[in-house]
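S.K.: Take a look and give me a structure for this.
(4 chains)
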Number of protein chains: 2
Amino acid sequence: MPAIKTQRNGSKKQVIIGKAARLFREKGFAATSMRDLAEEVGVEAASLYNHIQSKAEILQDICFRTANLLTSHLEKIEHSQQTAIEKIKAILSFHIQQMLNNYEEVQVADREWRHLTEPYLSNFKTQRRAYRQRLANIIEEGIRKRHIKPIDTSTAVLIMLHAVSGIESWHRSTERISAEQLEDNMLIILVEGLKI
Amino acid sequence: MPAIKTQRNGSKKQVIIGKAARLFREKGFAATSMRDLAEEVGVEAASLYNHIQSKAEILQDICFRTANLLTSHLEKIEHSQQTAIEKIKAILSFHIQQMLNNYEEVQVADREWRHLTEPYLSNFKTQRRAYRQRLANIIEEGIRKRHIKPIDTSTAVLIMLHAVSGIESWHRSTERISAEQLEDNMLIILVEGLKI
DNA sequence: CCTACCGATCGGTAGG
DNA sequence: CCTACCGATCGGTAGG
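M.R.: Numbering: from 1, shown residues only, chains lettered A, B, ... in the order given. Take a look at the predicted model:
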C-alpha cells in the first residue's frame, strides 16, 4: 500500500519540518543540531532519517515552499486589473498575512537561505531576484501612470520587503495591537508616502 | 612597556574582529569556525587566542560597539532642538550612513546577536528595547504636536529600523544608485508618509 | 524506531 | 606564533 505509506511519511515529515522551522528560527540553522530536533520531535536523532534525507533537505523544503507561495500569489496579482497602488497593497497584505500566520517558516526562508547548498542556493537567489524585479515593475508602472512619486523603484522594494519581514519583533512583543491594526498601519506608512 | 604591548594587542585584535565581522556576516556566527577566521587572518587557529579570549568575545565586541554607537547618537538627537520629523530624519540618516560605511559590523550586530550568551544577551536585548522605545517617544511627540499622522508608534519604529537594515541587498546590487540618492529615496518613502 | 557507532570538525589549551 | 593535542559534538550510517 504505497499510497498510505506515502501519506504517513508525508505527515510525519511535515511534523518534523514544522518543529525544525521553530528551532531554525530561534537558534539559526547552523546552531540547531539534529539531536536538538530529535528531542523536539520525541525520537532519537537516527530515527529522523526514516522521514527526511538530510538536515539540508529540511531547509530546502522550508525555503522553496515559502518562495513558491509568494511567487504564485504575485503572479495572480500581476494579471489582475488593479491599479499599481492596489496591487502593491495586495502584495504587502499577503506578505503580512503570511508573516502572521506562518511566521516561523517565512522567517527561516528569509534569514537562513544563505545556508542552502548548490544548486539550491543559486535557484533561490534567482527566484528572489526575479520576485523583487517584478515588484519593482509594478511600482514602475505606477510611476509612469503618475499614481506614484518618481522614486527609485529598487529602494522602494527593498524597504517594503524588509519592513514586512520585521514583523517578528512585533509578534513577540507584549503590548500588541491587533493584526488588523498592524496591517492598516503598515500600509499607511509604506504606501501613503508613495502617492503623489 | 605595557602601554605599547596593549597598543599592539589592541590593533591586532581589531584586525581579527574586522575579519570576523566579514565572515560572520557572510556565513553566520555559528557556521564560522575559528579555523576559518585564522585562515583569513593568516595565522594558525591557536594563535588567535593570544589576542582574543574566545569566539564569544568577538561577537560581544561587535554587538556592543555598534549598539553603543547608535545609542550615543540617539542621545545627542534627543537633546537637540529639532522638530520630531527632523529628529527622525537625523536618526535614520545616521543609520543609513553606518550601514553604508560599516555595514559588516552593523549587520552582524543586527542579525547575529541571538548567539550572545548571558549576561550579554540580556544586556543587549534591554539596550535594544530601550533604543526602540526612545525612538517611539520621538514619534509620539510628533503626533502630539500634529506633525505626524496618528499611527501606531511601535509599528512605525519597526518599519523604519528594518527598512534601513535591508540596505545590505542594495549594497551588493549591480545596478547601484549613489549613496546620496539612496538616502534621499529612503527618507522620502519612510518619512513623507508620516506627515500630516 | 532504537542501539551502537563512524569520521570529521568544533572551540580551546599546554607547552615551547 | 606554532605543533600537538584534548574532550565534546556534529551529521549521518549499519544493522536489527
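S.K.: Please identify the buried residues of stretch A:22-34?
M.R.: Neighbour-count burial for stretch A:22-34 flags A:22-25, A:28-32, A:34 (criterion: 16 or more other CB atoms under 10 Å in any protein chain shown). C-beta here means a position set from N, CA and C on the backbone, and glycine is covered the same way.
S.K.: Tell me where chain A has helices.
M.R.: Residue ranges of the helices in chain A, as given by DSSP state H, are A:2-27, A:34-41, A:55-78, A:84-101, A:103-111, A:120-144, A:153-165, A:167-171, A:179-187.
S.K.: Chain B: which of the ones you listed is closest?
M.R.: helix A:153-165 (3.0 Å; CB to the nearest CB).
S.K.: ranking the helices of chain A by mean pLDDT, which is last?
M.R.: Here the lowest mean pLDDT among these goes to helix A:167-171, at a mean of 71.
S.K.: Between the two ends of stretch A:34-52, how far is it?
M.R.: 11 Å (CA to CA, to the nearest Å).
S.K.: Find me the pLDDT at A:Arg176, would you?
M.R.: 70.
S.K.: tell me the contacts of A:Lys149?
M.R.: A:Lys149 is in contact with A:143, A:193-196, B:188, B:192, counting by CB atoms under 8 Å, 6 or more residues apart in numbering or on different chains.
S.K.: ok, the closest residue to A:Glu104 other than its chain neighbours to A:Ile62 distance?
M.R.: Distance criterion CB to CB, 6 or more residues apart in numbering or on different chains; nearest residue to A:Glu104, sequence neighbours excluded, is A:Ala21 at 4.2 Å. According to CB to CB, to the nearest Å, A:Ala21 stands 6 Å off from A:Ile62.
S.K.: Need the residues touching each of those two.
M.R.: With CB under 8 Å, 6+ apart as the test, A:Ala21 and A:Ile62 both reach A:105, A:108.
S.K.: Domains in chain A, by residue range?
M.R.: Domain assignment for chain A by automatic domain parsing gives A:1-52, A:62-192.
S.K.: and the nearest residue to A:Ala84 once chain neighbours are set aside, what does it touch?
M.R.: For A:Ala84, ignoring the flanking residues on the chain, the nearest one in space by CB to CB, 6+ apart is A:Gly142 at 2.9 Å. By CB under 8 Å, 6+ apart, the contact list for A:Gly142 reads A:83-85, A:88, A:148, A:194.
S.K.: Kindly report the same for A:Ala21.
M.R.: Contacts of A:Ala21 (CB under 8 Å, 6+ apart): A:62, A:104-105, A:108.
S.K.: could these go into CSV alongside neighbour count?
M.R.: Converted to CSV, those look like this (neighbours: other CB atoms under 10 Å in any protein chain shown):
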residue, neighbour count
A:Ile62, 25
A:Glu104, 19
A:Glu105, 22
A:Val108, 25
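S.K.: check those residues against DNA strand D, which are close?
M.R.: With CB under 7 Å from any atom of the strand as the criterion, those include none near DNA strand D.
S.K.: A:Gln81: how many residues sit nearby?
M.R.: 6 (other CB atoms under 10 Å in any protein chain shown).
S.K.: Report the separation between it and DNA strand C.
M.R.: 49 Å (CB to the nearest atom of the strand, to the nearest Å).
S.K.: For that residue, give me phi and psi.
M.R.: phi -100, psi 30 (degrees, to the nearest 10).
S.K.: And for A:Gly166?
M.R.: According to degrees, to the nearest 10, A:Gly166 has phi -80, psi 0.
S.K.: Chain neighbours aside, what residue packs nearest to it?
M.R.: Nearest one to A:Gly166, counting by CB to CB, 6+ apart, is B:His162 at 3.0 Å.
S.K.: Let me know whether the one you found touches A:Met160 as I believe.
M.R.: No. B:His162 is beyond contact range of A:Met160, at 10.4 Å (criterion: CB atoms under 8 Å).
S.K.: contacting residues for the residue nearest in space to the middle of chain A?
M.R.: Closest to where the C-alpha atoms of chain A average out (CA atoms, centre = their mean) is A:Val106, at 3.4 Å. Shown in contact with A:Val106 (CB under 8 Å, 6+ apart): A:66, A:98-99, A:165.
S.K.: Could you rerun that using 10 Å?
M.R.: The contact partners of A:Val106, by CB atoms under 10 Å, 6 or more residues apart in numbering or on different chains, come to A:21, A:25, A:62, A:65-66, A:69-70, A:95, A:98-100, A:164-165, A:167-168.
S.K.: one step back: with neighbour numbers in mind, choose between B:His162 and A:Met160.
M.R.: When B:His162 and A:Met160 are compared for neighbours, A:Met160 comes out ahead with 25 against 20, by other CB under 10 Å.
S.K.: Name the nearest residue to that one, ignoring sequence neighbours.
M.R.: A:Met160 sits nearest to A:Leu190 (CB to CB, 6+ apart), 5.6 Å away.
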